[in-house]
Every structure is written in C-alpha cells, then in structure tokens.
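Undergrad: Okay, predicted coordinates and the sequence, questions at the end:
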Amino acid sequence: MKRTVSLVDYASSDSEQDEPTTQPPPAKGSSPPPTKKPRKLPALSAALLPQVPVDNPALHQGRKRTAAHVEGQWAAHVYVPLVVNRRSKLFKLLVRIYSSAKQLVPSLHPIGLTDADLSPPSSAGPEPPDNTIELHISLTRPTYLRAHQRDEFKRAVHALARTRASFPASFAAVSELTNDERTRTFLALELGAGHDELRGLSDGLKPTLQSLRQHEFYEKPRFHASIAWALLDGSSPPGDGQCSEDVDAQNCDFVTIPSFPPSLVPQLQREFCGELVKPGVGTFEADELHVRIGKEVTKWKLQ
C-alpha cells in the first residue's frame, strides 16, 4: 500500500520581510497611501574634496600661470645648469649688468641674485648660506606630463645624457627676449660657443616630445641664461618668444612696461660685452643635464 506524503509550503523569512512590488488599488473613496520621499545624502566635508591650487599673483610679484592647473598634470623643464660662484668674475659682472639695467627699468626683477648680492657691502647684512647661484639654459619649452609619463620622460633625458659629451660654452651678447604669451620680457645673456652642442641636445629630445604630443623647442633657438625680468602690459605686438615659462603674466596691481627702452640693450652691450667675452669670465663647461618635474629635479652628468 502506497503511503501518500503531503508537501507543505513554508514561507521563508525573506518573503515575510520583503515589501510587495505592487500595491493593491485603493478602495473607492479612500486616499492613496503617502509616497515616501528619498532621503538626501549629507554633503561631503570640504576636507574630503580635491584641493585646487589658488593662483595668487600677489605672492609671485604679479605673475600668473599661463597654463591652467590640471589635476594629475606635472610641468617639466629640461635645461643645462650654470653654477656661478659669488666670488667669480662672472658673478660680479652679473651684479653690475643688473644694477645698470635697473636704473633704466626700475620695475626689473633679478634672477638668481639676492638683496644681499645687490646691496653695498656695508649694508648687505649676513652673506647667503650658499656661495653660488644657478642659472638655466633651457632646452625645452614648458612640457606638461601626466603622472604615468614622468618616468618615461626622465629615462629619455637620461639616455640622451649618456650619449653626449661635456663641452665648453661661452656667452657672446646681452639681449632682450620675451615669453610666448608676451606677459614678461627678459634680460638675457646669449650663448656663442656651444650653440651647436646645445642644439644637438635639444634636437635629441624631439622624438620624446612628439610621442608625448608636446611642443618642440624653437625652430631657430637662441640659447641663453636669463638674469632679470619685467612684467609687460601687452601694448606692443608679439615678438619671437624664446623665454616661455610656466608661471607668468601681467597683473594690474603691479608695475608693467610695454618693453625695455630701445637704448637699454645697446647701452649694456657697449658697457659690458667686451668684458663678458673675455676668457675666464663668460666661459664655462657644460657638463650636466637637468630635468625638473614639479618640484623634483633629477641630474645626470654628460659623458
């Protein structure tokens, strides 16, 4: 005789707690059930939001960024350094050139030189702790890298340094150069000897810059070391930009000029160029290649 087993459905705990997906229609004459409004999430604390740098020209002598800040993007710059000892003839000449130019352009700002360097010995105060200043001879325009591109860029600069030998170089003239945006003008010392070697270094970086979709250096570069700058008011037409920098621009709260006086560079040439080109004054050995990415500087010796 077969025994019949009856199956009993037991409701699961989940089905008891779940809300039905549909509501039965309300009875005639009754009000529909109130609809629950979704609760708003609390606003994020300001401390958790990404911090965007605030561009304050008052902290940078009227300069502004020429390229807007982009999160995760790094400004890079490749250059040959020139370390100048404060006791050298070149350093003393730089002080004299700047002091003479300052008389014609009161709004001029020095590069590398400090107030102590420019003050009379009796009022200079304590000497700077470092007995040298560093000038830069640029090989690239400002280059903007994403975080994952930084190591690739440094490897390219390192590989270039390993294939090039150090070489003698010398300054040949005083000149005025402007940046690409025509927001600043620079008093610079242009290179004579060493130009071809510097061009070779700059050209060696072209494939990397092209692969990163960055601007190459100037087609007809004027290799130089800037020693002073002034803000421009933008009233004169753009020139041949050769001093493009990342932090830069005019501000109405600071003194601006249309350009250097036409007599400035010829006067400085007559007064100082003969001394600048003398052996042991404006000559030096170019023996290192530096790359700055953000605030980090990496250095390699030329072979």
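TA: Looks like it came in fine.

Undergrad: Low-confidence ranges, this structure, go.
TA: The chain contains residues with pLDDT under 70 at 1-36, 41, 43-72, 121-129, 235-253.

Undergrad: end-to-end on stretch 204-215?
TA: 14 Å (CA to CA, to the nearest Å).

Undergrad: Kindly apply the preceding question to stretch 97-117 instead.
TA: For stretch 97-117, the end-to-end distance is 13 Å (CA to CA).

Undergrad: which residue ranges form the strands in the stretch 101-250 of the chain?
TA: Using DSSP state E, counting those that start in this stretch, the strands found in the stretch 101-250 of the chain span residues 109-110, 132-138, 143-146, 167-178, 184-191, 224-231.

Undergrad: Packing partners of the second one?
TA: Pointing back at strand 132-138 there. Judged by 3 or more CB pairs under 8 Å, 6 or more residues apart in numbering; DSSP states H and E, the packing partners of strand 132-138 are strand 73-85, strand 224-231. (Glycine included, C-beta is placed from N, CA and C.)

Undergrad: What lies in contact with it?
TA: 77-86, 91, 111-113, 117, 191, 198, 217, 223-227, 286, 290 (CB atoms under 8 Å, 6 or more residues apart in numbering).

Undergrad: Please apply the same query to the first one.
TA: If you take CB under 8 Å, 6+ apart as the criterion, strand 109-110 is touched by Gln61, Tyr98, Asp117, Leu118, Ile227, Ala228, Trp229, Ala230.

Undergrad: thinking again about what came up before, can you say which of the helices and strands packed on strand 132-138 is packed in most?
TA: Of those, the one with the most neighbours on average (mean count of other CB atoms under 10 Å) is strand 224-231, at a mean of 22.

Undergrad: Could you tell me the angle between the helix or strand following that strand and strand 184-191?
TA: On the C-terminal side of strand 224-231, the closest following helix or strand by DSSP states H and E is helix 264-276. Helix 264-276 and strand 184-191 are oriented at 30 degrees to each other (axes from the mean of the first three to the mean of the last three CA atoms, to 10 degrees).

Undergrad: what angle do helix 264-276 and strand 167-178 make?
TA: For helix 264-276 against strand 167-178, the angle by the same axes, to 10 degrees is 170 degrees.

Undergrad: So which bits of helix 264-276 are buried?
TA: Going by neighbour count (16 or more other CB atoms under 10 Å), the buried part of helix 264-276 is Leu264, Val265, Gln267, Leu268, Phe272, Cys273, Leu276.

Undergrad: residues touching the third one, list them.
TA: The neighbours of Gln267, taking CB under 8 Å, 6+ apart as the test, are Ser100, Leu104.

Undergrad: same thing with the last one?
TA: Counting by CB under 8 Å, 6+ apart, Leu276 makes contact with Leu93, Phe171, Ala172, Ala173, Val174, Leu189, Gly282.

Undergrad: what's the spacing between the first one and Ser99?
TA: Note on Leu93: its distance to Ser99, by CB to CB, to the nearest Å, is 11 Å.

Undergrad: if we can go back for a sec, is it possible to get TSV of the contacts of strand 109-110 that adds distance to Val255?
TA: Formatted as TSV, those follow (distance: CB to CB, whole Å):
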residue	distance to Val255
Gln61	10
Tyr98	17
Asp117	22
Leu118	18
Ile227	19
Ala228	14
Trp229	12
Ala230	8
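
Undergrad: Which of these sits closest to Ser107?
TA: Ala230 (5.1 Å; CB to CB).

Undergrad: so the closest one touches Lys102, yeah?
TA: No: at 10.1 Å, Ala230 does not count as touching Lys102 under the criterion of CB atoms under 8 Å.

Undergrad: what's the overlap in contacts for the two?
TA: Leu108.

Undergrad: Would you tell me which helix is longest in the chain?
TA: The single longest helix within the chain, with elements called by DSSP state H, is helix 89-104.

Undergrad: Provide a list of residues in contact with the residue lying closest to His224 once chain neighbours are set aside.
TA: Nearest residue to His224 in three dimensions, chain neighbours excluded: Ala188, at 4.0 Å (CB to CB, 6 or more residues apart in numbering). The neighbourhood of Ala188, defined by CB under 8 Å, 6+ apart, consists of Val174, Ser175, Glu176, Leu177, His224, Ala225, Ser226, Ile227, Cys243.

Undergrad: Now render these as CSV, adding distance to Thr140.
TA: CSV is the format used below for the contacts of Ala188 (distance: CB to CB, whole Å):
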residue, distance to Thr140
Val174, 24
Ser175, 20
Glu176, 21
Leu177, 16
His224, 14
Ala225, 15
Ser226, 15
Ile227, 20
Cys243, 13
